[in-house]
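**Student:** generate a structure from the sequence data that follows.
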Amino acid sequence: MNKLILLGAIVIGLTTSCSNSGHPHKADEANSQNVETNNTNKTNKNMITQKITPSIWVETTDAKAVADYYLSIFKDGKLKEHHKYTNPPEAGGGNFETAIIEIAGMELSILAAGPFQKFNESVSLVINTKDQAETDYYWNALTENGGQESSCGWCKDKYGLSWQVVPVEYFDLINSDDPKVREKAMKNTLTQKKLILSELK
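**Tutor:** Residues are numbered from 1 along each chain as shown. Now for the predicted structure:
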């Protein structure tokens, strides 16, 4: 991926979004499926705490395994819901699962419906880290066991979801009133994979 595009996305974007899929045999039929719930939680309007919830489609049918993976990284997280669905024959058959987790105070919806949609870098989740040690932790946790390093603070986890692991001090550097500080931070960002503050200052 072009490093200049990545850098521009860090500086300009730094927002999260979710994408909707049009695959007719999985997500769009969810409301009409037979449902098996693995916990005592029941979905209702009183349990929904966010106005907008990012939703990710992973290329597996085991939402619990996906939830456990992210909860192993975000230690203060929790599993809020896990459901198993069966598509009727007229919808193509097959099983899929959903889960809702809370990580770092944010609800994330997981749709595990098989290999029909793929992630790309047009959508990423930003982790605003408090220092280098926290940056190192999340970077290492996301890139090990099948994850992938990219450039300028970007990486992918083992499911292919893109993350930006960015120390909050980084923004002070690239927005500094001193042009020399800004230029050094910007220039050195292009040479890095994981952001290393000591080399940006």
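**Student:** pLDDT below threshold where in this structure?
**Tutor:** Within the chain, the segments meeting pLDDT under 70 span 1-48.
**Student:** 90 instead?
**Tutor:** Counting by pLDDT under 90, the low-confidence segments of the chain come to 1-50, 87-94, 116.
**Student:** name the residue closest to the centre of it, please.
**Tutor:** When C-alpha atoms, centre = their mean is applied to the chain, the residue found nearest the centroid is residue 125 (4.6 Å).
**Student:** show me the contacts for that residue.
**Tutor:** Contacts for residue 125 were tallied using C-beta atoms under 8 Å, 6 or more residues apart in numbering; they are 16, 54, 161-164. For the C-beta atoms, the positions are set from N, CA and C on the backbone; glycine is no exception.
**Student:** so which of those residues are in strands?
**Tutor:** Cross-referencing those against strands under DSSP state E gives 162-164.
**Student:** how does the protein divide into domains?
**Tutor:** 27-112, 120-200 (automatic domain parsing).
**Student:** Three-state assignment for residue 170, please.
**Tutor:** With DSSP: H, G, I helix; E, B strand; the rest coil as the basis, residue 170 sits in helix.
**Student:** for it, give its distance to residue 155.
**Tutor:** 15 Å (C-beta to C-beta, to the nearest Å).
**Student:** likewise for residue 186?
**Tutor:** For residue 186, the distance to residue 155 (C-beta to C-beta) stands at 20 Å.
**Student:** got the end-to-end distance for stretch 127-137?
**Tutor:** Taking C-alpha to C-alpha, to the nearest Å, stretch 127-137 runs 11 Å from one end to the other.
**Student:** for it, buried residues please.
**Tutor:** Using 16 or more other C-beta atoms under 10 Å as the test for burial, stretch 127-137 gives 127, 129, 135.
**Student:** from those residues, which land in helices?
**Tutor:** Applying DSSP state H to the buried residues of stretch 127-137, the entries found in helices are residue 135.
**Student:** format the buried residues of stretch 127-137 as JSON lines; extra columns: distance to residue 91.
**Tutor:** Formatted as JSON lines, the buried residues of stretch 127-137 follow (distance: C-beta to C-beta, whole Å):
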{"residue": "127", "distance to residue 91": "37"}
{"residue": "129", "distance to residue 91": "42"}
{"residue": "135", "distance to residue 91": "44"}
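**Student:** residue 119: which of the buried residues of stretch 127-137 is nearest?
**Tutor:** Of all the buried residues of stretch 127-137, residue 119 sits closest to residue 127, with 16.4 Å by C-beta to C-beta.
**Student:** tell me who's in contact with the closest one.
**Tutor:** So residue 127 contacts 104, 138, 163-166 (C-beta under 8 Å, 6+ apart).
**Student:** which among those residues end up buried?
**Tutor:** Judged by 16+ other C-beta under 10 Å, buried ones among these: 138, 163-166.
**Student:** now, which of those sits nearest residue 64?
**Tutor:** Minimum distance to residue 64 across those is 21.3 Å, recorded for residue 163 (C-beta to C-beta).
**Student:** can you map out the strands along the chain?
**Tutor:** Ranges of strands within the chain are 34-37, 55-58, 78-86, 95-103, 106-112, 124-129, 148-149, 154-156, 162-167, based on DSSP E.
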